[in-house]
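Trainee: Model the following, please.
(one chain, ligands or ions: 1)
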Amino acid sequence: MTPKFKRVTLKLSGEALQGSQGYGIDPEVLANIAGEVKALIELGVETALVIGGGNIFRGLKASAKGMDRSSADYMGMLATVMNAIAMQDALERIGVYTRVLSAIEMKEVAEPYIRRRATRHLEKGRVVIFAAGTGNPYFTTDTAAALRAMEVGSEVLLKATRVDGVYDKDPLLHDDAVRYERLSYLDVLAKGLHVMDSTAISLCKDNDLPIIVFDMLGPGSVRQVVCGEPLGTLVAPPNFERPR
Ligand code: UDP
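Mentor: Residues are numbered from 1 along each chain as shown. This next block holds a predicted model:
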């Protein structure tokens, strides 16, 4: 299998780490994901990860119950740091070099986010895990993923989900749901499709960053996507051809 991208950013939601337990981190799921990421490194693909925090804390949910939104969002960002450290541990246990770079400075546990340092780590074949989102409240880790992908020059943003792409309606509730093979950014925004939040989609749109939405649970799926298998749904500018 030959990789079709040299540098990618992979966005994992916090919920991807919780498995079926509904909260926190499932070590087995974490180990599986680490194995998938290792396969990319073995192919020579420079890989950056952005991990959400929804398995531990979501700012919007807490603020709906009365908490100050910014305080709640900072807690959400701290949750992503815990996930990042867990992922770093899982990767290092299987011999993959990693660095956690945090948008909120906490130098005892992670390097500060410095773009040039991040690209240097990637060039050296280390997995870079971006923690603490963008470092700003009122944003999401989807937006952080789009931002960091552009900053470090990833060719594609891989958005891992629990369904095999984007559907016109929820495939878990509707048998006749149809999967899109390709969408424009405007389609996603106008149809209100659940790909990423609108800030993240707009950022990708304005900067022509292609997104591939795919099912992370399929064994080997990340490697397949990176090697040009037409899995999932592509969201891209009209002139972008998915490499095969
Ligand atoms: N968050 C934030 N700014 C950011 C990224 C994240 O305030 O740049 C907070 C926000 O409260 C969010 C939480 O961190 O709810 C967890 O991130 P997210 O909801 O994106 O995680 P995911 O849905 O991917 O698990």
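
Trainee: Surely Leu183 and Leu234 touch.
Mentor: Yes: taking contacts as C-beta atoms under 8 Å, Leu183 lies within contact range of Leu234: 7.4 Å. Glycine gets a C-beta too; all of them are placed from N, C-alpha and C.

Trainee: any idea which residue of the protein is furthest from its center?
Mentor: Most distant residue from the mean C-alpha position of the chain: Gly66, 28.7 Å away (C-alpha atoms, centre = their mean).

Trainee: Ala146 belongs to a helix?
Mentor: Yes: counting by DSSP: H, G, I helix; E, B strand; the rest coil, Ala146 is found in a helix.

Trainee: returning to what we had before: mind checking the SS state of the residue farthest from the centre of the chain?
Mentor: Applying three-state DSSP: Gly66 is coil.

Trainee: quick one: it from Thr143, how far?
Mentor: Counting by C-beta to C-beta, to the nearest Å, the gap from Gly66 to Thr143 is 25 Å.

Trainee: What segments of this structure are strands?
Mentor: Along the chain, the stretches classed as strands by DSSP state E are 7-12, 46-51, 98-102, 111-112, 127-131, 156-161, 166-167, 179-180, 182-183, 211-215, 233-235.

Trainee: Which helix runs longest in the chain?
Mentor: Longest helix of the chain, by residue count under DSSP state H: helix 69-93.

Trainee: What residues of that helix count as buried?
Mentor: Neighbour-count burial for helix 69-93, counted by 16 or more other C-beta atoms under 10 Å, picks out 72-88, 90-91.

Trainee: so how far is it from its chain's centroid?
Mentor: Centre-to-centre, helix 69-93 and its host chain are 13 Å apart (C-alpha atoms, centre = their mean, to the nearest Å).

Trainee: From the contact counts, what lies against that helix?
Mentor: helix 14-18, helix 27-42, strand 46-51, helix 59-64, strand 98-102, strand 127-131 (3 or more C-beta pairs under 8 Å, 6 or more residues apart in numbering; DSSP states H and E).

Trainee: hmm, back to that, if we look at the ligand, which of the buried residues of helix 69-93 are close to it?
Mentor: The overlap between the buried residues of helix 69-93 and the neighbours of the ligand (C-beta under 6 Å from any ligand atom) comes to Ala72, Asp73, Gly76, Met77, Ala79, Thr80.

Trainee: Distance check, the residue farthest from the centre of the chain against Ala72.
Mentor: On the measure of C-beta to C-beta, Gly66 and Ala72 end up 10 Å apart.

Trainee: now Ile211
Mentor: Distance from Ile211 to Ala72, by C-beta to C-beta: 27 Å.

Trainee: and the gap between Phe139 and the ligand?
Mentor: Distance of Phe139 to the ligand, computed by C-beta to the nearest ligand atom, to the nearest Å: 3 Å.

Trainee: how far away is that residue from Gly59?
Mentor: Look at Phe139 and Gly59: by C-beta to C-beta, they are 10 Å apart.

Trainee: intersection of neighbour lists for those two?
Mentor: Common neighbours of Phe139 and Gly59 (criterion: C-beta atoms under 8 Å, 6 or more residues apart in numbering): Asp73.

Trainee: Tell me which of those two has more neighbours.
Mentor: Remark: of Phe139 and Gly59, Gly59 carries more neighbours, 26 against 20, as counted by other C-beta atoms under 10 Å.

Trainee: quick one: contacts for the more buried one?
Mentor: So Gly59 contacts Arg69, Ala72, Asp73, Tyr74, Met75, Gly76, Pro137 (C-beta under 8 Å, 6+ apart).
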